[in-house]
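J.: 3D model of this:
(4 chains)
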There are 2 protein chains.
Amino acid sequence: MTDDDRVFKALADPSRRFLLDLLFTRDGRTQSELESELEMTRFGVAKHLKVLEEAGLVVVRRSGREKLHFLNPVPIRQIHDRWIDKFTEHQVTALIDLKRQLEEEP
Amino acid sequence: MTDDDRVFKALADPSRRFLLDLLFTRDGRTQSELESELEMTRFGVAKHLKVLEEAGLVVVRRSGREKLHFLNPVPIRQIHDRWIDKFTEHQVTALIDLKRQLEEEP
DNA sequence: TTGACAGGTGACCAAATGGTCACATAACTT
DNA sequence: AAGTTATGTGACCATTTGGTCACCTGTCAA
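T.: A predicted model of the protein is given here:
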């Protein structure tokens, strides 16, 4: 399996995306801390974290018997750069910002 | 199935990513034109294109009996914005640019 | 109008995936 | 030392997914 295949497969599951959301709001959480946020056995969560780690979307640091998890934004940015060039980036960010403004107004 | 689920599931397959790559280099291709690029029956390609279309990653325009396909960058940018804030974006783009420079030099 | 061309539908099967469990190891606490 | 806490492994099963095929509809050209 290629690197990018691992990344996209990892992102394909909603539970794993939720784990990334959790780490986006606050980094450096332990596995058991993350387990408590999902309605799933710890085995399931551990498996998902392993997939995210092998994809490089999450990096870990061991501290004693604990495992701290951190979000790695690099693969996400590479997805972006694969299909959005500099010119298109300006257009699409402007479009998204405009859409957000229109939705905020009454 | 939620919208974002459709997008990530669509991106999880290498054949579908290859189709996006093809449309990134040149937009507006017909289905049969895309079929000729994949080692797969036309049914397989049609199925993949349908998945991409339902995810909003590809938009189509009918022209007679032909179906023209265009890449839509918006969902890709939204993936980016979900896990990369403005501050992190500067850091990670700088990091990727640096990495690219180092790899180019002898 | 007859045939060739572009695309669509539903059934089908092999392979991959998500989730759980029994069992195991290593580190902190008292 | 003994119990508790944090995490790891491999087997297992139900569901989903990728790909193919027989068959069908609509469009263009001679």
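J.: Helix or strand: which one has residue A:68?
T.: Taking DSSP states H and E as the criterion, residue A:68 maps to strand A:66-71.
J.: same deal with residue A:60?
T.: Using DSSP H and E, residue A:60 falls within strand A:58-63.
J.: can that strand be found next to chain B?
T.: No - using Cβ under 8 Å from any Cβ of the partner chain, strand A:58-63 never reaches chain B; the gap is at least 11.1 Å. Backbone N, C-alpha and C define where each C-beta goes, glycine included.
J.: how long is stretch A:77-91 from one end to the other?
T.: Using Cα to Cα, to the nearest Å, the gap from the first to the last residue of stretch A:77-91 comes to 17 Å.
J.: Contacts for that stretch, please.
T.: A:4, A:7-8, A:92, B:11, B:20-21, B:24, B:71, B:73, B:76-77, B:79-80, B:84, B:89, B:92-93, B:96 (Cβ atoms under 8 Å, 6 or more residues apart in numbering or on different chains).
J.: Report the buried residues of the strand holding residue A:60.
T.: Along strand A:58-63, these residues count as buried under the neighbour rule (16 or more other Cβ atoms under 10 Å in any protein chain shown): A:58, A:60.
J.: Note down every partner strand of it and its orientation.
T.: Based on DSSP bridges, the pairing partners of strand A:58-63 within the sheet are strand A:66-71 (antiparallel).
J.: quick one: what helix or strand has the residue nearest the centre of chain A in it?
T.: When Cα atoms, centre = their mean is applied to chain A, the residue found nearest the centroid is residue A:20 (3.6 Å). Assigning secondary structure by DSSP H and E places residue A:20 in helix A:14-25.
J.: Tell me what angle the longest helix seen in chain A forms with strand B:66-71.
T.: Across chain A, the longest stretch assigned as helix under DSSP state H is helix A:86-104. Comparing the axes of helix A:86-104 and strand B:66-71 via axes from the mean of the first three to the mean of the last three Cα atoms, to 10 degrees yields an angle of 90 degrees.
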